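Asks: 3D model of this:
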Amino acid sequence: NEIGDDGAKAIAEVLHDNTTLIDLNLSGDSIGDDGAKAIAEALRVNTTLTTLTLGGGNEIGVDGAEGIAEALRGNTTLIELNLSNNEIGDDG
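Replies: Residues are numbered from 1 along each chain as shown. Sure thing, here's the model as predicted:
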């Protein structure tokens, strides 16, 4: 699937109220910085997600990585995050 940023934003809205999903794999979905930042905002309030895979086939760059990193400062639930094979580079 290639849900892109719009699909990631829709999923992020659901994650705000999620009370059951613990593992989410969004690999290969053409998600960029905007989608990553939307998911990051959801991670600020989500208390059930323990595993998030955003690796391979996404286009997350420095801005998206920084958004996720900032959100994780207050997230105590997520224990596994995969951002492999994105466009983050050394600055991310």
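Asks: Contact partners for the residue of the chain positioned farthest from its centre?
Replies: Counting by C-alpha atoms, centre = their mean, the extreme residue of the chain relative to its mean C-alpha position is residue 90, 18.7 Å from that point. Applying C-beta atoms under 8 Å, 6 or more residues apart in numbering, we find residue 90 in contact with no residue. For the C-beta atoms, the positions are set from N, CA and C on the backbone; glycine is no exception.
Asks: For it, give its distance to residue 82.
Replies: According to C-beta to C-beta, to the nearest Å, residue 90 stands 18 Å off from residue 82.
Asks: tell me which element the residue farthest from the centre of the chain falls in.
Replies: With elements delineated by DSSP states H and E, residue 90 resides in a region that no helix or strand encompasses.
Asks: and the end-to-end length of stretch 25-37?
Replies: Start and end residues of stretch 25-37 are separated by 16 Å (C-alpha to C-alpha, to the nearest Å).
Asks: Give me the contact list for it.
Replies: Contacts of stretch 25-37 with the rest of the structure, by C-beta under 8 Å, 6+ apart, involve 1-9, 11-12, 39, 52-65, 67-68, 82.
Asks: So residue 44 is in contact with residue 71, correct?
Replies: Yes. Counting by C-beta atoms under 8 Å, a contact exists between residue 44 and residue 71, whose distance comes to 4.9 Å.
Asks: who has more neighbours, the two?
Replies: Neighbours of residue 44 and residue 71, each counted by other C-beta atoms under 10 Å, are more numerous for residue 71; the result is 20 against 13.
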